[in-house]
Structures are given as C-alpha cells and as structure tokens.
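Asker: Output the structure for:
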Amino acid sequence: VPSSTGALERLAQDDRFDLIVSSVHAGDANAAELARQVHAAGHQIPVIALAYTNRELHEFVTDNDTSELERTFLWQGDVRIFLAMVMYLEDRLNVEHDSGDEGIPAIIVVEDNVRFYSSFLPIIYSEITQHTHELISEGLNLSQKILRMRARPKILFSTCYEDALDDYERYRRHVIGIVSDVDYPREGKSVLGAGLDLVRTVRKTEPELPIMLQTQEPAYLDDARDLGADAVIKDSPTLLPDLRRLPCRRLRKPCRTDLPDRTRPA
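Answerer: Numbers count the residues shown, from 1 in each chain. Sure, this is the predicted structure:
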C-alpha cells in the first residue's frame, strides 16, 4: 500500500498480517507515526522501518521517537534483507520454545549500528540456511526436510550489553557462537569495550566458544585475541567473508532435528 492510511484500512479488513515493513516516509506519515497508529488501533503487529540512504536514516532517527518500532534497517542493495527481517522476528518469537525446550542451537549477534547489522544479518542467515541444507539427507521426504529446516540455529540479535548477556545466560547450553561489536550501549550509555567485557564474562563458563568481534579500532584486535576471540575490522573489504567463518566452525555437526511436527505462528 502507498500510505499509512492504506495500511490501516487493510488491517481493519484482515487480521492475518504478521509484519509491517514501511519505508521511513510512508506517504501521509513516517514509519514511527505509522507504528503508533497501528498500536493505537489495537493491532499487536511489529513494524519495521526501512531507510534507503544514510542521510535519510540519520534524519529519521534524530527527528522521531522510534520506540514503537520493532527495528530499523538500511537498504544496501541486498534483497535478502527482507528475509532477514522475517527470520529475525521468527527467532525472537520461537527461541524460548525451540532453544529453551527443544535444544535448538543459537548464535548471539550484538550490534547497535544500523548500517552494519543491515549488511551482515542477511549474510549470517543465508550461511545458516546453506549449512542446514547441507546437513539434510537427500533420502528424506519433503515434509521431513521442511521439519529439519525449522531446526536451523536461531539468531539472537540485540543492540546492548544487557540484552546480549541475558540471551547468553538464558540459552548458554545451546549457544554455538557469538558475533559482537566492541563499543555499544551498556546501562543506557555507549561504553567503549563493552564487547570485550561480554567476552570476559562468557569465557568464565565457555572457554572454547567461537566468538568474533568487529571493531573500527585496530587497537582492539590484540585485546580480542588475548581473550581467545577472532577479530575483524568493520571497514575491511573482507568483513563479510570473515563472518562466514564463524558458523562454519560448529555447524558441521548435526543439530537437534526431532521437533514435533506442528507449526507455531510467526
């Protein structure tokens, strides 16, 4: 639909929608205003905003209260970003059952920069899907293959220290890797080295867990390696290929695939 008014009209006609993706300027309202209108109308539907340029993103975040948005992404030419949006929400909704009850593996991702997570979340989801396909036996029938695809590792994405630590503590037995920025919010303020603190905490219980830190400061590289973590420079031209190494290291082993054959709403 071309406007927020059109979106609200469609919602009034049909209650089966699970997600709204809106450009930051949605015709007669921006994405933040649309989210408030949707929730004020009684619809508990997540709204994701999509910006098309860094300037548009900066002006939108600066000028608007984005608290009612589920997340904001930046378009960078990779159509897989829409798949990442859907899978991100599905994982958050299903992780308590799938990882907490069924033991499905999980990967923690921590990043507060919209530009960076908009580029590498699609890559991570694509890699996980590819590795899961490789683990599926060719002898399985279609329903069995679909069931095993649902058992792919979950991505637990967060933008601050507290949420990342909470994810680790709740699902520690099932976490197979961590991808984290180094500088991001802690206790409501941006903290230099917050990612290093997260690694130190994790290493107390998981000394061998694969961890990859991303940073724009070369000075952090040695600190990360001293903690037994891989480290890459964010602006490196090989950043995305480097990220592919993390899931490869532990996804080669079969994961839990005996989920009950039922569908949970996304």
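Asker: In three-state terms, label the residue nearest in space to the middle of the chain for me.
Answerer: The centroid of the chain falls nearest to residue 157 when counting by C-alpha atoms, centre = their mean (3.8 Å). Counting by DSSP: H, G, I helix; E, B strand; the rest coil, the backbone at residue 157 sits in strand.
Asker: partners of it in the sheet?
Answerer: Judged by DSSP bridges, the bridge partners of residue 157 are residue 109.
Asker: Run through the residues that contact the nearest residue to residue 68 once chain neighbours are set aside.
Answerer: Distances taken as C-beta to C-beta, 6 or more residues apart in numbering place residue 35 nearest to residue 68, at 4.2 Å, with adjacent residues excluded. (Glycine included, C-beta is placed from N, CA and C.) Listed by C-beta atoms under 8 Å, 6 or more residues apart in numbering, the contact set of residue 35 reads 20, 22, 47, 49, 68, 69, 70.
Asker: Neighbour-wise, give me the winner out of those residues.
Answerer: Neighbour counts for the contacts of residue 35 (other C-beta atoms under 10 Å) peak at residue 49, which has 28 neighbours.
Asker: Would you check that that residue makes contact with residue 72?
Answerer: Yes: with contact defined as C-beta atoms under 8 Å, residue 49 reaches residue 72; the gap is 4.5 Å.
Asker: re the thing from before, and the residue nearest to residue 68, which helix or strand is it part of?
Answerer: Here residue 35 sits within helix 31-40, counting by DSSP states H and E.
Asker: How far off centre is whichever helix or strand comes after that helix?
Answerer: For helix 31-40, the following helix or strand on the C-terminal side (DSSP H and E) is strand 47-51. Distance of strand 47-51 from the chain centroid (C-alpha atoms, centre = their mean, to the nearest Å) equals 14 Å.
Asker: From the contact counts, what lies against strand 47-51?
Answerer: In this structure, strand 47-51 makes packing contacts with strand 20-23, helix 31-40, helix 54-63, strand 71-74, judged by 3 or more C-beta pairs under 8 Å, 6 or more residues apart in numbering; DSSP states H and E.
Asker: taking the mean pLDDT, what do you get for the helix holding residue 35?
Answerer: Mean pLDDT, helix 31-40: 95.
Asker: any idea of the angle that helix forms with strand 47-51?
Answerer: 170 degrees (axes from the mean of the first three to the mean of the last three C-alpha atoms, to 10 degrees).
Asker: What pLDDT is listed against residue 132?
Answerer: 71.
Asker: for residue 145, same thing?
Answerer: Model confidence at residue 145 (pLDDT) stands at 62.
Asker: circling back to that earlier point, shared neighbours of residue 49 and residue 72, anything?
Answerer: Jointly contacting residue 49 and residue 72 under the rule C-beta under 8 Å, 6+ apart are 24, 31, 60, 66.
Asker: ok so, going back, who wins for proximity to residue 124 among the helices and strands packed on strand 47-51?
Answerer: Within these, the stretch nearest residue 124 is strand 71-74; the backing value is 14.1 Å (C-beta to C-beta).
Asker: Could you tell me how far that closest one lies from the centre of the chain?
Answerer: Strand 71-74 sits 11 Å away from the centroid of its parent chain (C-alpha atoms, centre = their mean).
Asker: Pull the residues that contact the very next helix or strand once past that strand.
Answerer: Under the assignment DSSP H and E, the closest C-terminal helix or strand after strand 71-74 is helix 80-98. Contact partners of helix 80-98, identified using C-beta under 8 Å, 6+ apart, comprise 18-19, 21, 46, 48, 50, 70-71, 73, 75, 104, 106, 118, 121-123, 125-126, 151, 154-157, 171, 259, 264-266.
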